[in-house]
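Colleague: sequence and predicted model, in that order:
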Amino acid sequence: MASSMGGHTACQLLDTLQPRALVLFCPAAYTPAAEHQPFGPAFQQALRATTDFASAPAWSALGRYRGRLLLVWGTEDAVIPSAVIQGYGQAAVAARSVEVVKLPGVGHALHPWLQAQPAAAQALQQRIASLLAAAERD
């Protein structure tokens with residue numbers, strides 16, 4: 001499981017770790033130019049200059065991933081561009097399964113929102129448990 005910047009990092013570890021299941025909450029994607037910048041102004045400048053994420057290393061790794069993938073997005077996320085949101089689902093061409101959970105009216109801060117919405121949190125937990133159970137059977 002990974003969120004935001006961690007989603008990009010988790011995807012880069014897929015070839016090494018080969019998990020049977022992966023859950024990503026509003027994952028970010030970075031181009032090679034941004035990826036190696038120290039976090040701060042140079043990193044932010046590289047991100048703002050990016051409009052095409054096709055070369056994101058996370059996506060190329062995700063393209064080789066053969067496990068089960070669950071993507072969780074807030075429909076009002078102002079941090080992650082819509083091209084990134086669509087790209088994650090499209091990149092997972094070899095995945096055993098890809099599920100997308102869209103949380104209407106929710107922004108980038110999914111976890112605090114889920115803490116305040118117990119019914120939604122429980123439904124998502126059940127979906128994650130089902131994903132993990134299916135991955136165990138694979």
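Modeller: Perfect, I can see it now.
Colleague: please work out the average pLDDT along the top helix by length along the chain.
Modeller: If you go by DSSP state H, the chain has its longest helix at helix 118-137. The pLDDT scores in helix 118-137 average 97.
Colleague: for stretch 74-84, same thing?
Modeller: For stretch 74-84, mean pLDDT is 88.
Colleague: and the contacts of that stretch?
Modeller: Residues from elsewhere that reach stretch 74-84 (CB atoms under 8 Å, 6 or more residues apart in numbering): 4, 26-29, 51-53, 73, 85, 102-110, 113. Placement of C-beta: from N, CA and C, glycine included.
Colleague: contacting residues for the spatially most central residue of the chain?
Modeller: In the chain, the centroid-proximal residue (CA atoms, centre = their mean) is residue 27; its distance is 3.1 Å. Neighbour list for residue 27: 2-4, 6-8, 10-11, 58, 71, 80, 84, 88 [criterion: CB under 8 Å, 6+ apart].
Colleague: could you rerun that using 10 Å?
Modeller: If you count contacts by CB atoms under 10 Å, 6 or more residues apart in numbering, residue 27 has them with 2-11, 58, 62, 71-73, 80, 84-85, 87-88.
Colleague: among those residues, which are located in helices?
Modeller: 5-11, 58, 62, 84-85, 87-88.
Colleague: pick out the most distant pair among these.
Modeller: 9 and 85 (17.7 Å; CB to CB).
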